[in-house]
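K.L.:
generate coordinates for the sequence data below:
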Amino acid sequence: MEGAEVSVMLETTYDKIKRLASANAVVMFSISSCCMCHVVKHLLLGLGVGPTVIELDQEKGGHEMQAVLYQLAGDGRQPVPAVFVGGKFLGGIETVMSCHINGTLVPLLKEAGALWL
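P.N.:
Numbering: from 1, shown residues only. Have a look, this model is predicted:
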């Protein structure tokens, strides 16, 4: 195989995150020992959403994925939990909790097909 062919076959970390985030209505990147990740998981489950959870500490290439999520989060914010709804980056715990409190989270989840009621 030529070098160009190999590089085309290799998936970038950003592309991997994009692919995983688009695979289901709600995707959450997490670290298994993170208490804030635990809070968001339980909030979503309590709303009736079954998010796809990707535990970065158990995922091959998780460290690199966390670095990309850090860039997406911006402003020096904690990169996990990182929640994607309908393939779009919603944000971390602050954004998820704000959306929940101000009443915009459920409509987002419905629009993405994660909730039917």
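K.L.:
from residue 40, how far out is residue 110?
P.N.:
Counting by CB to CB, to the nearest Å, the gap between residue 110 and residue 40 amounts to 18 Å. To be clear about C-beta, it is placed using only N, CA and C from the backbone, and glycine gets the same treatment.
K.L.:
tell me the secondary structure of residue 60, please.
P.N.:
coil (DSSP: H, G, I helix; E, B strand; the rest coil).
K.L.:
same question, the one 10 residues further on
P.N.:
Using three-state DSSP, the three-state assignment for residue 70 comes out as helix.
K.L.:
name the nearest residue to it, ignoring sequence neighbours.
P.N.:
residue 79 (4.0 Å; CB to CB, 6 or more residues apart in numbering).
K.L.:
for the one you found, give me its contacts.
P.N.:
When contacts are counted by CB atoms under 8 Å, 6 or more residues apart in numbering, residue 79 touches 29, 66-67, 69-70, 72-73, 92.
K.L.:
now do the strands in this protein.
P.N.:
26-30, 52-55, 82-85, 88-91 (DSSP state E).
K.L.:
closest one to residue 16 among these?
P.N.:
Nearest to residue 16 among the strands of the chain is strand 52-55; the distance by CB to CB comes to 10.0 Å.
K.L.:
which other residues reach that closest one?
P.N.:
In contact with strand 52-55 (CB under 8 Å, 6+ apart) are residues 20, 23-24, 26-32, 41, 62, 65.
K.L.:
likewise stretch 59-71?
P.N.:
With CB under 8 Å, 6+ apart as the criterion, stretch 59-71 contacts 13-14, 16-17, 29, 31, 54-56, 79-80, 82.
K.L.:
with stretch 110-117 instead?
P.N.:
25-26, 47-51, 85-86, 106, 109.
K.L.:
neighbour-wise, which one of the residues you listed leads?
P.N.:
With neighbours taken as other CB atoms under 10 Å, the top of the contacts of stretch 110-117 is residue 85, carrying 26 neighbours.
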